[in-house]
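A.B. asks: quick one: sequence and predicted model below, then my questions.
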Amino acid sequence: MRRRGLRRVATMAAVGGVAHYAGRKSAQAEERGKQVEAQQAQAAQEQAAPQPSGDDKLEKLKKLGELRDSGVITEAEFGVEKQKILASL
(Lines give C-alpha, C1' and ligand atoms only; values in the text may rest on other atoms or scores of the structure.)
Protein backbone atom coordinates (compact mmCIF):
# COMPACT_ATOMS: atom_id res chain seq x y z
CA MET A 1 0.00 0.00 0.00
CA ARG A 2 2.86 2.34 0.77
CA ARG A 3 4.32 1.84 -2.70
CA ARG A 4 1.03 2.78 -4.27
CA GLY A 5 1.10 6.08 -2.35
CA LEU A 6 4.65 6.77 -3.49
CA ARG A 7 3.69 6.07 -7.09
CA ARG A 8 0.82 8.52 -6.86
CA VAL A 9 3.08 11.18 -5.43
CA ALA A 10 5.67 10.52 -8.13
CA THR A 11 2.99 10.61 -10.84
CA MET A 12 1.53 13.86 -9.51
CA ALA A 13 4.99 15.41 -9.34
CA ALA A 14 5.72 14.38 -12.92
CA VAL A 15 2.39 15.73 -14.15
CA GLY A 16 2.97 18.96 -12.24
CA GLY A 17 6.43 19.31 -13.73
CA VAL A 18 5.16 18.76 -17.26
CA ALA A 19 2.34 21.25 -16.71
CA HIS A 20 4.79 23.84 -15.38
CA TYR A 21 7.12 23.33 -18.33
CA ALA A 22 4.27 23.57 -20.84
CA GLY A 23 2.94 26.73 -19.20
CA ARG A 24 6.36 28.34 -19.24
CA LYS A 25 6.87 27.50 -22.92
CA SER A 26 3.43 28.87 -23.73
CA ALA A 27 4.21 32.15 -21.96
CA GLN A 28 7.52 32.44 -23.82
CA ALA A 29 5.82 31.82 -27.16
CA GLU A 30 3.19 34.43 -26.36
CA GLU A 31 5.89 36.97 -25.47
CA ARG A 32 7.74 36.28 -28.73
CA GLY A 33 4.48 36.73 -30.62
CA LYS A 34 3.93 40.12 -28.98
CA GLN A 35 7.47 41.19 -29.90
CA VAL A 36 6.97 40.19 -33.53
CA GLU A 37 3.66 42.08 -33.68
CA ALA A 38 5.32 45.19 -32.23
CA GLN A 39 8.14 44.99 -34.78
CA GLN A 40 5.67 44.56 -37.63
CA ALA A 41 3.62 47.54 -36.44
CA GLN A 42 6.74 49.69 -36.22
CA ALA A 43 7.83 48.66 -39.72
CA ALA A 44 4.38 49.49 -41.08
CA GLN A 45 4.50 52.95 -39.49
CA GLU A 46 7.94 53.62 -40.94
CA GLN A 47 6.76 52.62 -44.41
CA ALA A 48 3.61 54.71 -44.12
CA ALA A 49 5.47 57.85 -43.02
CA PRO A 50 5.71 60.21 -45.99
CA GLN A 51 9.17 61.25 -47.08
CA PRO A 52 9.78 64.99 -46.88
CA SER A 53 9.76 66.64 -50.27
CA GLY A 54 12.62 68.73 -51.62
CA ASP A 55 10.78 71.91 -50.62
CA ASP A 56 10.46 70.68 -47.03
CA LYS A 57 14.17 69.97 -46.94
CA LEU A 58 14.98 73.39 -48.33
CA GLU A 59 12.82 74.96 -45.61
CA LYS A 60 14.59 72.90 -42.96
CA LEU A 61 17.97 74.06 -44.26
CA LYS A 62 16.83 77.70 -44.20
CA LYS A 63 15.57 77.39 -40.63
CA LEU A 64 18.77 75.63 -39.64
CA GLY A 65 20.79 78.49 -41.12
CA GLU A 66 18.69 81.01 -39.21
CA LEU A 67 19.32 79.13 -35.96
CA ARG A 68 23.05 79.16 -36.67
CA ASP A 69 23.05 82.85 -37.60
CA SER A 70 21.16 83.77 -34.44
CA GLY A 71 23.61 81.79 -32.29
CA VAL A 72 21.13 79.18 -31.11
CA ILE A 73 23.26 76.36 -32.55
CA THR A 74 26.98 76.18 -33.24
CA GLU A 75 28.62 75.84 -36.63
CA ALA A 76 29.46 72.21 -35.81
CA GLU A 77 25.84 71.44 -34.88
CA PHE A 78 24.72 73.15 -38.08
CA GLY A 79 27.07 70.97 -40.13
CA VAL A 80 25.85 67.75 -38.53
CA GLU A 81 22.18 68.58 -39.02
CA LYS A 82 22.79 69.81 -42.55
CA GLN A 83 24.44 66.50 -43.46
CA LYS A 84 21.46 64.59 -42.03
CA ILE A 85 19.05 66.61 -44.15
CA LEU A 86 21.14 66.29 -47.30
CA ALA A 87 21.67 62.55 -46.75
CA SER A 88 17.92 62.01 -46.74
CA LEU A 89 17.58 63.34 -50.31
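C.D. replies: Arrived safely.

A.B. asks: which SSE is Gly33 in?
C.D. replies: Using DSSP states H and E, Gly33 sits within helix 2-48.

A.B. asks: next helix or strand past that helix?
C.D. replies: Following helix 2-48 in sequence, per DSSP H and E, is helix 54-69.

A.B. asks: quick one: low-confidence parts of the protein?
C.D. replies: Counting by pLDDT under 70, the chain has low-confidence residues at 1-6, 10, 18-19, 21-22, 46-53, 89.

A.B. asks: got a list of what the spatially most central residue of it touches?
C.D. replies: For the chain, the residue nearest the mean C-alpha position is Gln39 (5.8 Å; Cα atoms, centre = their mean). If you count contacts by Cβ atoms under 8 Å, 6 or more residues apart in numbering, Gln39 has none. Every residue, glycine included, has its C-beta placed from N, CA and C.

A.B. asks: how close does Gln45 get to Ile85?
C.D. replies: Using Cβ to Cβ, to the nearest Å, we find Gln45 at a distance of 21 Å from Ile85.

A.B. asks: please parse the protein into its domains.
C.D. replies: Domains of the chain are assigned by automatic domain parsing as 1-49, 51-89.

A.B. asks: so which of those domains is the most surrounded?
C.D. replies: domain 51-89 (a mean of 12; mean count of other Cβ atoms under 10 Å).

A.B. asks: alright, that wraps it up for me.
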